[in-house]
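> based on what follows, work out the 3D shape:
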Amino acid sequence: MNSQQSIRKEILRLVQTQHNSACINTRRLSMFYNMPEREVRRELTRMAEENVIRLSGWDGHSMRPYAEWHSADEFVNSKADDGHVHVSLEVREKAAAATA
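Residues are numbered from 1 along each chain as shown. Presented below is the predicted three-dimensional model:
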């Protein structure tokens, strides 16, 4: 399993253990998996674009869903959230997890 797959698996595990919604520290994941924080954030945006998760981050004024950010790069490069993002599973993922 490569780093990208490991990060995806860990993000889903963290969210599922917290009843399908969690605050994730991207810096902590970055250190644990020995990869740049930017790559962790990039993987989160990929998962959001694939509709696997819902993603929100602090924009300096309020929590804003990823879909409302101007671009993936804006979200990835943001430092306003101090490494904390909110992640929840998409509805279809919740239903699949409940039947598994």
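
> the strands in the chain, which residues?
For the chain, strands defined by DSSP state E occupy the ranges 21-25, 53-58, 63-65, 84-89.

> with respect to Ser3, which of the ones you listed lies nearest?
Across those, Ser3 has its closest neighbour in strand 21-25 (16.1 Å, CB to CB). Any C-beta I mention is one placed from the backbone N, CA and C, and that applies to glycine too.

> and Asn2, what does it touch?
Listed by CB atoms under 8 Å, 6 or more residues apart in numbering, Asn2 has no contact partners.

> pLDDT below threshold where in the chain?
Within the chain, the stretches with pLDDT under 70 are 91-100.

> just want the most central residue of it.
Centre of the chain computed as the mean C-alpha position; nearest residue by CA atoms, centre = their mean is Leu44, 3.8 Å away.

> which of the strands of the chain sits most buried?
Among the strands of the chain, ranked by average contacts under mean count of other CB atoms under 10 Å, first place goes to strand 53-58 (a mean of 22).

> and it, C-alpha only, in PDB?
Provided in PDB are the C-alpha atoms of strand 53-58 (Å, rounded to 0.1, in the frame of the first residue of the first chain):
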ATOM      1  CA  ILE A  53     -16.200  12.800   1.800                       C
ATOM      2  CA  ARG A  54     -17.600  16.200   2.600                       C
ATOM      3  CA  LEU A  55     -14.800  18.600   3.500                       C
ATOM      4  CA  SER A  56     -14.800  22.000   5.200                       C
ATOM      5  CA  GLY A  57     -12.100  24.300   6.300                       C
ATOM      6  CA  TRP A  58     -11.700  27.600   8.200                       C
END
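
> ok, back up a step: JSON lines for the strands of the chain, including distance to Val76?
Converted to JSON lines, the strands of the chain look like this (distance: least, CB to CB, whole Å):
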{"stretch": "strand 21-25", "distance to Val76": "14"}
{"stretch": "strand 53-58", "distance to Val76": "10"}
{"stretch": "strand 63-65", "distance to Val76": "14"}
{"stretch": "strand 84-89", "distance to Val76": "11"}
